[in-house]
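Enquirer: everything below, folded, please.
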Amino acid sequence: MVNDKAILVGVDGSDASYKATWWAANYAKHAGLMLQIVCAYSLPSYAAVSFDATYTALGDDNAAHTDAQEILSRAKAIADERGVEAATLIVTGDPASVFVELSRNYNLIVIGNRGKGGLAERLLGTTSSSLPAYAYCPIVVVPYTDDDGNMMHLNNTISKIAVGSDESKWGLKALEIAAGFANGWGAELNVISAVPNIDGLTGSDSAEERGVMESYMEDLNARIKPLQVLYPNLRVYKSIVPGSAVNALTKASHNYDVVVVGSRGRGGFTGLLLGSTSQGLLQHAVSPVYVVPRKYVEAAESGEKNKQNAANITAMSLDQISGVESVDVEKANPEQIRDIEEHIDPLHKD
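Expert: Below you'll find the model as predicted:
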């Protein structure tokens with residue numbers, strides 16, 4: 001059975017992962033859910049750098065296990081501070097493959113993103129092996145800093161959501177999810193549709209260009225109309241922008257609390273999400289990015305899930321997934337909690 005009462009959040013001891021834990025706990029508190037916090041490690045054939053700042057002796061599983069418990073203890077303290085119930089898991093093995101398997105069991109996974117190193121790099125590293133490309137449930141990627149290294153502030157309330165929309169089944173699912181997400185928070189929704197650069201059109205105020213933009217707006221209105229019927233109180237704004245969808249959504253991340261986008265898996269928009277540093281949305285977004293993966297959308301299309309559970313895809317119990325262990329951890333002390341809070345957002349106030 002899919003655990004639709006919990007959000008899965010991955011931690012590795014980095015401030016970025018603790019910040020993702022805070023975001024996930026805040027979301028869980030609002031939605032009446034609990035957290036399942038997981039720390040993954042493997043023992044490589046060299047002096048281990050398994051965690052963010054934790055070095056263990058070659059092949060020392062006991063030391064690594066103890067380090068993982070300490071990391072989970074601090075992450076659980078964040079959930080405790082937010083008044084959210086949390087359980088803790090340790091995973092041994094390749095994090096990318098294990099998280100893909102775990103994604104069968106949850107409706108949402110949250111991870112932090114800080115660029116190179118740590119869990120984020122292993123889960124977001126390349127288009128071909130990334131979690132957003134292959135997960136069976138949506139993924140929220142929470143940024144730690146902007147491109148200049150400035151720490152991003154945490155908001156208690158989600159009041160503005162942007163979504164990239166097109167007529168593909170991925171774009172339609174992203175729009176559907178974003179509308180429900182915004183309605184649940186009482187937030188406004190800005191639906192962004194990008195018009196690719198076309199020689200002779202974009203950049204000129206010609207009748208031909210206006211005709212293209214009007215055609216895009218008509219299509220956008222048609223996609224939004226059923227959702228406005230479903231959510232009559234939802235405040236919806238529409239934006240037709242020329243140029244790159246990635247640029248438009250990256251820009252939107254500066255003004256919105258969450259950016260929602262569909263992923264086509266191999267190639268397609270995932271290549272733009274995760275591709276080069278120059279064009280990757282996840283590398284440059286300064287607000288959390290909510291990714292709707294290809295497998296999640298395909299499962300909905302094929303009817304492998306029911307109406308109550310949007311990610312019902314051959315879920316397995318945790319004891320059936322190799323390397324997953326449920327553990328109890330000691331509560332972090334107040335000094336550790338204050339130190340974590342200072343490092344993830346020194347300006348934050350409840």
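Enquirer: for I344, give me its contacts.
Expert: The contact partners of I344, by C-beta atoms under 8 Å, 6 or more residues apart in numbering, come to 15, 18-19, 22, 144, 151, 154. (Each C-beta comes from the backbone N, C-alpha and C, glycine too.)
Enquirer: next one: W185
Expert: 30, 157-159, 161.
Enquirer: can you lay out those residues as JSON lines showing secondary structure and neighbour count?
Expert: Listed next are these as JSON lines, based on DSSP: H, G, I helix; E, B strand; the rest coil; neighbours: other C-beta atoms under 10 Å:
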{"residue": "H30", "secondary structure": "helix", "neighbour count": "15"}
{"residue": "T157", "secondary structure": "coil", "neighbour count": "11"}
{"residue": "I158", "secondary structure": "coil", "neighbour count": "21"}
{"residue": "S159", "secondary structure": "coil", "neighbour count": "14"}
{"residue": "I161", "secondary structure": "strand", "neighbour count": "24"}
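Enquirer: contacting residues for the closest residue to H343 other than its chain neighbours?
Expert: Closest residue to H343 apart from its sequence neighbours, by C-beta to C-beta, 6 or more residues apart in numbering: D15 at 4.6 Å. By C-beta under 8 Å, 6+ apart, the contact set of D15 is 114, 144, 340, 343-344.
Enquirer: could you identify the most distant pair in those?
Expert: Greatest spacing in the contacts of D15, by C-beta to C-beta: R114 and I340 (14.8 Å).
Enquirer: tell me where this structure has helices.
Expert: Taking DSSP state H, the helices of the chain run over residues 15-31, 61-81, 95-102, 118-124, 131-134, 169-185, 207-230, 245-252, 268-274, 281-284, 294-302, 334-344.
Enquirer: rank those helices by pLDDT, which is bottom?
Expert: Among the helices of the chain, helix 268-274 has the lowest mean pLDDT, at a mean of 43.
Enquirer: L220 touches V163, doesn't it?
Expert: No - using C-beta atoms under 8 Å, L220 makes no contact with V163, being 11.1 Å away.
Enquirer: of the two, who's got more company?
Expert: For the pair L220 and V163, the greater number of neighbours falls to V163 (28 against 20), based on other C-beta atoms under 10 Å.
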